[in-house]
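Engineer: Sequence and computational prediction follow.
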Amino acid sequence: MDNGPLPPIQRSSWNCALLLLLVLLTALRLLPLWMTMLALICPLLFNRSALRIDHALLLSFFFFFGLAENMRLLLSSELAHSGHVFMLSALASQVMSNVPATLLFARFTDNWEALLWGSNAGGFGSLFGSLANLIAYRFYVNHPGTEDSGRFTITFLLAGYAAFFISVGLYFIISGR
């Protein structure tokens, strides 16, 4: 089914893509750190609506990284057993999100396969398992047509934890542990 030609990409989209590329190149240390200031200055000068953000969601993400740093201090020895790496990263993801959990445990293990499986499995389950879960939940409950956010939350958690336990079982079946 052909819907006709694609609409042209707006100039503001190209500008945002360019600023994102700038931030990514800085994060990869290919550009100096001060270059990221352009990612803040340009929206301030040309498109202030681009700076509208969900401050509660952003604050939550910063708390996740703070929790990861505190756990790093508690776990000062290296993790060796792949089952432990998997379960710790999966369970830690349930309370601090899978990205901070991955970054936390990456410092203590060379077992990257178990770590990545654990953090991916940990993205399922709780609303905190992945920042994407929180974003989807916020979109749903803030949508004007939403009537029953409690039902959505229960359904989300049941489906999420079913996927979590299936992925945990699959890891142990596939890895032979």
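Structural biologist: The structure has been received and is ready for your questions.
Engineer: So for the helix or strand where residue 104 lies, mean pLDDT?
Structural biologist: Per DSSP states H and E, residue 104 falls inside helix 98-106. Summarised as a single mean, pLDDT over helix 98-106 is 85.
Engineer: Flag every buried residue along that helix.
Structural biologist: For helix 98-106, a neighbour-count test (16 or more other Cβ atoms under 10 Å) marks 98-102, 104-106 as buried. Yep, even glycine has a C-beta here, placed from its N, CA and C like the rest.
Engineer: Please name the residues that touch the residue lying closest to residue 46 once chain neighbours are set aside.
Structural biologist: Leaving out its chain neighbours, the residue that sits closest to residue 46 by Cβ to Cβ, 6 or more residues apart in numbering is residue 15, at 7.6 Å. Residue 15 is in contact with 42, 46-47, counting by Cβ atoms under 8 Å, 6 or more residues apart in numbering.
Engineer: got a winner among the residues you listed for most neighbours?
Structural biologist: The member of those surrounded by the most neighbours (other Cβ atoms under 10 Å) is residue 42, with 16 neighbours in all.
Engineer: Now do the helix or strand hosting that one: which elements does it pack against?
Structural biologist: Per DSSP H and E: residue 42 is located in helix 37-46. With contacts defined as 3 or more Cβ pairs under 8 Å, 6 or more residues apart in numbering; DSSP states H and E, the packing partners of helix 37-46 are helix 11-27.
Engineer: pLDDT on the helix it packs on, on average?
Structural biologist: Regarding helix 11-27, the rounded mean pLDDT is 79.
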